[in-house]
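Engineer: one predicted model, sequence on top.
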Amino acid sequence: MSVFDAFDLHNILFLDIETVPGASDFDALPESLQELWGVKARQILRRPEDELEYDELADTFSDRAGIYAEFGKIVCISAGFLTKQAGEDLPILRIKSFANHIEANLLEDFSVLLNKHFNNPDKFAICGHNIKEFDIPYICRRMLVNQLPLPRMLDIAGKKPWETKHLVDTLEMWKFGDNKNYTSLRLLTAIFNIPSPKDDIDGSDVARVYWEERDLDRIATYCEKDVIATVQLLLRMKRLPMIGSEQVISVR
C-alpha cells in the first residue's frame, strides 16, 4: 500500500510545534550551560573557541538555541484532525493548541490527548512536515527532560523504520527517496497553490514574541496555520479537494 493511502484521513493527527530558547538570553543561562552553548556555537559557526566573541555567543543563542532540545523548550503544540459531520459531505478540521509557559504542563496535556484518542499506532497516524527529524524527536527529548512518560505513539526509540509507519512526514513523502535537499512547507504551499499560512509572524519571530511579548495566543495562531497548511498539503498530495476556512474550528 502506498504511503499516500496507508491511513484513513480521519485517523490522522496533524501537528506542529513552536520552540524557543530555554532562557530569555544568553546571560540568563546557568554557567554550566553557557559553557556548553559555547561548544555548540563553535560547531554552528565552525570557528575555534578563541575566535568567538561574547556578542557572537549571545546572538547565536538567541537565533539558534530554540531548535536544539538541549537548549530550547516547547511553548506550543497545535494538533488537528478531520472529522465527519452528521448529514454533511464536507469534513471539519478541529484544531486544539496546547500553549503554556510551563513546558511540563503543556506536554502532559498533549500526552492526555494522545493516550485517550490516538493510542494505537496500527490504527492511527501522526502527520507533520519534517516531524521525523524535528517535531517528534524534540517532543520526546523534552518529555524525558521533564521526566514524563512517553505515550505509546511516541515511544519510538530504537524502533525500525517499518515499526514507525504511523509517523507520516510530508517532507519525506515529497522527497521520494531523494535526501539531498530540504523543501520547506512554505515552498510546497506555493507550488501546490495552497493559501500561505504566514501572514503575521514567521519562525524567526517566535522567540522574540515569546520572550519580549509573552504572547502565547499569537504563537498558537501561527502554529495552527502550519497545521492547516500541512492538512492542505496532504490532501493535495492525495489529489483530494482542499478544505475551506469555514471547515476549520479552533477549540483552544
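Structural biologist: Arrived safely.

Engineer: how far away from the center of its chain is the longest helix seen in the chain?
Structural biologist: Across the chain, the longest stretch assigned as helix under DSSP state H is helix 216-237. Counting by CA atoms, centre = their mean, to the nearest Å, helix 216-237 is centred 10 Å from the centre of its parent chain.

Engineer: now do the contacts for P149.
Structural biologist: Residues in contact with P149 (CB atoms under 8 Å, 6 or more residues apart in numbering) are S111, M143. The C-beta positions use only the backbone N, C-alpha and C, and glycine is treated the same way.

Engineer: try it again with 10 Å
Structural biologist: Counting by CB atoms under 10 Å, 6 or more residues apart in numbering, P149 makes contact with E108, S111, N115, M143, D155.

Engineer: most neighbours, which of the residues you listed?
Structural biologist: M143 (22 neighbours; other CB atoms under 10 Å).

Engineer: just the CA atoms of the particular helix or strand that has that residue in it, as PDB, please.
Structural biologist: Using DSSP states H and E, M143 maps to helix 136-145. Extracted in PDB, the C-alpha atoms of helix 136-145 (Å, rounded to 0.1, in the frame of the first residue of the first chain):
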ATOM      1  CA  ILE A 136       8.800  14.200  17.200                       C
ATOM      2  CA  PRO A 137      12.400  13.900  18.400                       C
ATOM      3  CA  TYR A 138      12.100  17.300  20.100                       C
ATOM      4  CA  ILE A 139       8.900  16.400  21.900                       C
ATOM      5  CA  CYS A 140      10.300  13.100  23.100                       C
ATOM      6  CA  ARG A 141      13.500  14.700  24.300                       C
ATOM      7  CA  ARG A 142      11.700  17.400  26.200                       C
ATOM      8  CA  MET A 143       9.400  14.800  27.800                       C
ATOM      9  CA  LEU A 144      12.400  13.000  29.100                       C
ATOM     10  CA  VAL A 145      13.900  16.200  30.400                       C
END
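
Engineer: pLDDT (mean, whole number) over it?
Structural biologist: Mean pLDDT, computed over helix 136-145, is 98.

Engineer: strand partners (parallel or antiparallel) of the helix or strand just after that helix?
Structural biologist: Following helix 136-145 in sequence order, the next helix or strand is strand 167-169 (DSSP H and E). When sheet partners are counted by DSSP bridges, strand 167-169 sits next to strand 125-128 (parallel).

Engineer: buried stuff in the helix holding M143?
Structural biologist: I136, Y138, I139, C140, R142, M143 (16 or more other CB atoms under 10 Å).

Engineer: L33 versus E56, what's the distance?
Structural biologist: Separation of E56 from L33 (CB to CB, to the nearest Å) stands at 17 Å.

Engineer: what's the helix holding M143 in contact with?
Structural biologist: 15, 17, 19, 22, 66-70, 72-74, 77, 103-104, 106-108, 110-111, 114, 126, 128, 130-131, 148-151, 153-157, 164, 167, 169.
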